[in-house]
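Visitor: Based on what follows, work out the 3D shape:
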Amino acid sequence: MAGILKSRLTLVVLVVAILATTAFAVDLAIGDTTPPNDLFAIGQGGGDTPDPVQVVKRAEPPFAPTPVDKCDFGSRPEPGIDGRVPAGSDPNGLICNLQVVAHQGTEGGFKVFRYFDNAGHECAFYDTTLLFPTNALNPGGGSVGVAVLDMSDPSHPVQTDTLTEPAMLTPHESLNLNAKRGLLAAVAGNPATAPGFFSVYDVSKDCRHPVLDATGPWARFGHESGFSADGKTFYATSTALQDITAIDLTDPKHPKDVWQGAIKSHGMSLSDDGNRAYIADPGGQLLILDTSQIQARKASPHTREIARLTWNSASIPQNAIPFNENGHPYLLETDEYTQQTLNPTGDANMVGGARIIDIADETKPVVASNLRLAVNMPAEHKAASGDPGTLSPAQGYAAHYCNVPYEDNPKIAACGFIASGLRVFDISDIQHPKEIGYYVVPSHGSTQNGYDGSNYDMSKPAFAPERREIWFSDGGTGFYVVRVDKDVWPTGGGGSPGTVHTQTPALRACKSRGRFRVRVKTPHGAKVRSIRATFGGKRVKIVRRGRSRYAMVNPAAVKGRSSARLVIRVHAGRRTLKTSRVYKLCA
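Guide: Sure, this is the predicted structure:
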């Protein structure tokens, strides 16, 4: 144990020294004329400043908590109003319409990702740092860096690696994955901002053991991030400052700075084509930004503000994820904390919550519906002010991150509601979402929660929809896999046993040209003699993972085609079972 603690302490001292050196470089940088990706450029500030558009507040749906589905038999429901976890609640945790599949680790952070590599390995990545270095020095636990898990058996996750570059030791909310290219990246951050040490790993060959491509000071500042769908542009956002850095990853072994923006951004998501950024402005706004010149690598690229939207309960916008319902475009936006967190005169009981925003007219976005718990309403929030987890302004009864399993017709969303734990919503009816399940992990005292046993779910969850699984992390207790009851999992929300999805966080109407795998259906109890699969007429490799077999599909092998058919033939006993599906391929 002493050796482990000494190792962790060494890492802590190392990263603090690096960041301190960077801070010293900032002081020396004033007036310097060094390249924009040099450490000494940090103090220069400036960059592209688009003309601002007017901030608009439009008519909103009723301000009310989201309706809650009935908990099934075997649940351990909340003792009172939805979302409230008062002192004395069940120490074994509260659960509704979910089952716990697995638990791993002792600390969690802000992001969880799921990924399949080219060899068919299924992995999870999650950061373990709510606030560096408290995670590393937590008595009875202690984690550092980004955890890498082998998820070949989801009920028994196995940690196979830990990423400990400076950016991975304290990524704050910046950890990001591009599934198309198999790149995992982060920039150093903290609750305000930090000098922009950036690291990128290749996870495509063996996701269980990522390979470092590059690490260095390619951003000015860090806190959150964005990643273009093509995997060629990583955006480092600083949140506390008007500063965004676009890092070119065309060659991930040689990143380069291609744009600096004097724009304030918390979380940042990109459209499929990379031409639009959906920016959560911590000043209480959503910004839709034209990034087409950055995407096209124009010389001296310039961005353009398209729209700014605010809403009555706006606190600190955290992130906004694009998705669509039958082709109609929306954003799933989440606010963190309350209106008083950054504004001393704000309302301490006005919780931002989450919402679905209609962006069919990108110049006139409008709130379509809200995702709120009963305890997020002002009067109920005030009444719960003495509960565990409510004394810290960085915790409490509030939202932090949401996610969906698909970009097209996701039907379901999962959100980390901090002291209220994981919350699951049916969004099949965009205007009338409902809460269908939750999990408040067992009470456990830690450095993160001040030893009051409260939940600290800040994580952006991931999905394994074909198994109805949600993966998330809790700050004080680690990584979890839960399964949603089939009775409440919405129709069309995935869950069919035949397909394992590879994109994170969402799937598109067309299949990317990146490799993916499809689980082979085999007859129960029958002896399988052979399996043969073709994609677009070309032979597909079959691999075995545990008790399951998978067809490893490489869309790049069928060049020049907009669609291809996957055919799988299973020879079992005297029978031959044939399954077939046509995939539309992205250009």
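
Visitor: can you map out the helices along this protein?
Guide: Per DSSP state H, the chain carries helices over the ranges 2-29, 166-169, 292-295, 378-383.

Visitor: worst average pLDDT in the ones you listed?
Guide: Per-stretch mean pLDDT for the helices of the chain is lowest at helix 2-29 (a mean of 42).

Visitor: End to end on stretch 556-566, go ahead and measure it.
Guide: Terminal residues of stretch 556-566 lie 14 Å apart, using Cα to Cα, to the nearest Å.

Visitor: so where's this structure uncertain?
Guide: Within the chain, the segments meeting pLDDT under 70 span 1-45, 133-142, 493-513, 524-525, 586-587.

Visitor: quick one: the strands in the stretch 251-400 of the chain?
Guide: With strands called from DSSP state E, counting those that start in this stretch, the stretch 251-400 of the chain shows them at 256-264, 268-270, 276-281, 285-290, 304-310, 316-325, 328-336, 354-358, 366-371, 397-403.

Visitor: Same list (those) but as CSV, adding mean neighbour count.
Guide: The C-beta positions use only the backbone N, C-alpha and C, and glycine is treated the same way. Conversion of the strands of the stretch 251-400 of the chain to CSV gives the following (neighbours: other Cβ atoms under 10 Å):
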stretch, mean neighbour count
strand 256-264, 20
strand 268-270, 23
strand 276-281, 26
strand 285-290, 22
strand 304-310, 18
strand 316-325, 23
strand 328-336, 24
strand 354-358, 24
strand 366-371, 21
strand 397-403, 28
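
Visitor: Mind checking those strands for the one nearest to Tyr451?
Guide: Minimum separation from Tyr451 across those (Cβ to Cβ) falls at strand 397-403, 18.9 Å.

Visitor: and that closest one with strand 328-336, angle?
Guide: 140 degrees (axes from the mean of the first three to the mean of the last three Cα atoms, to 10 degrees).

Visitor: what lines up beside strand 397-403 in the sheet?
Guide: strand 412-418 (antiparallel) (DSSP bridges).

Visitor: Could you export the partner strand as CSV, CA atoms only?
Guide: The C-alpha trace of strand 412-418 is given here as CSV (Å, rounded to 0.1, in the frame of the first residue of the first chain):
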residue,chain,number,x,y,z
ILE,A,412,-33.9,7.3,-24.5
ALA,A,413,-31.6,9.6,-22.6
ALA,A,414,-29.5,9.1,-19.5
CYS,A,415,-28.3,11.9,-17.3
GLY,A,416,-26.0,12.4,-14.3
PHE,A,417,-28.0,14.5,-11.8
ILE,A,418,-25.1,14.7,-9.2
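
Visitor: In it, which residues are buried?
Guide: Residues of strand 412-418 classed as buried by neighbour count (16 or more other Cβ atoms under 10 Å): Ile412, Ala413, Ala414, Cys415, Gly416, Phe417, Ile418.

Visitor: try stretch 76-84
Guide: Pro77, Glu78, Ile81, Asp82, Gly83, Arg84.

Visitor: tell me the contacts of the second one?
Guide: Right, the one you point to is Glu78. Arg84, Val85, Ser89, Leu94, Cys96, Tyr438, Val440 (Cβ atoms under 8 Å, 6 or more residues apart in numbering).

Visitor: Just give the nearest non-adjacent residue to the fifth one, would you?
Guide: So that's Cys96. With sequence-adjacent residues excluded and distances taken as Cβ to Cβ, 6 or more residues apart in numbering, Cys96 is closest to Cys71, at 4.0 Å.

Visitor: Tell me how many other residues crowd the one you found.
Guide: Residue crowding around Cys71 was assessed by other Cβ atoms under 10 Å; the count is 20.

Visitor: which ones are touching it?
Guide: Cys71 touches Pro77, Cys96, Asn97, counting by Cβ under 8 Å, 6+ apart.

Visitor: gap between the last one and Val543?
Guide: In this structure, Asn97 and Val543 are 34 Å apart, going by Cβ to Cβ, to the nearest Å.

Visitor: For these two, work out which one has more neighbours and name it.
Guide: A direct count of neighbours by other Cβ under 10 Å for Asn97 and Val543 places Asn97 higher, at 25 against 14.

Visitor: For stretch 194-206, buried residues please.
Guide: Ala194, Pro195, Gly196, Phe197, Phe198, Ser199, Val200, Tyr201, Asp202, Val203, Ser204, Asp206.

Visitor: Looking at the residues you listed, which is nearest Val558?
Guide: Among those, and counting by Cβ to Cβ, the member closest to Val558 is Ser204, at 19.5 Å.

Visitor: Grab the nearest non-local neighbour of that closest one.
Guide: Gly182 (2.7 Å).

Visitor: now do Ser75
Guide: Cys96 is the one closest to Ser75 (Cβ to Cβ, 6+ apart), at 4.6 Å.

Visitor: Pop the domain breakdown of this protein in here.
Guide: 2-43, 45-99+311-485, 516-584 (automatic domain parsing).

Visitor: most tightly surrounded among those?
Guide: Using mean count of other Cβ atoms under 10 Å, the stretch among these with the largest mean neighbour count is domain 45-99+311-485, at a mean of 21.

Visitor: List the contacts of Pro344.
Guide: Contacts of Pro344 (Cβ under 8 Å, 6+ apart): none.

Visitor: tell me, what residue is most central in this protein?
Guide: Lys460 (4.0 Å; Cα atoms, centre = their mean).

Visitor: Pretty sure that one sits against Tyr401.
Guide: Yes: applying Cβ atoms under 8 Å as the test, Lys460 and Tyr401 come out as touching, 3.7 Å apart.
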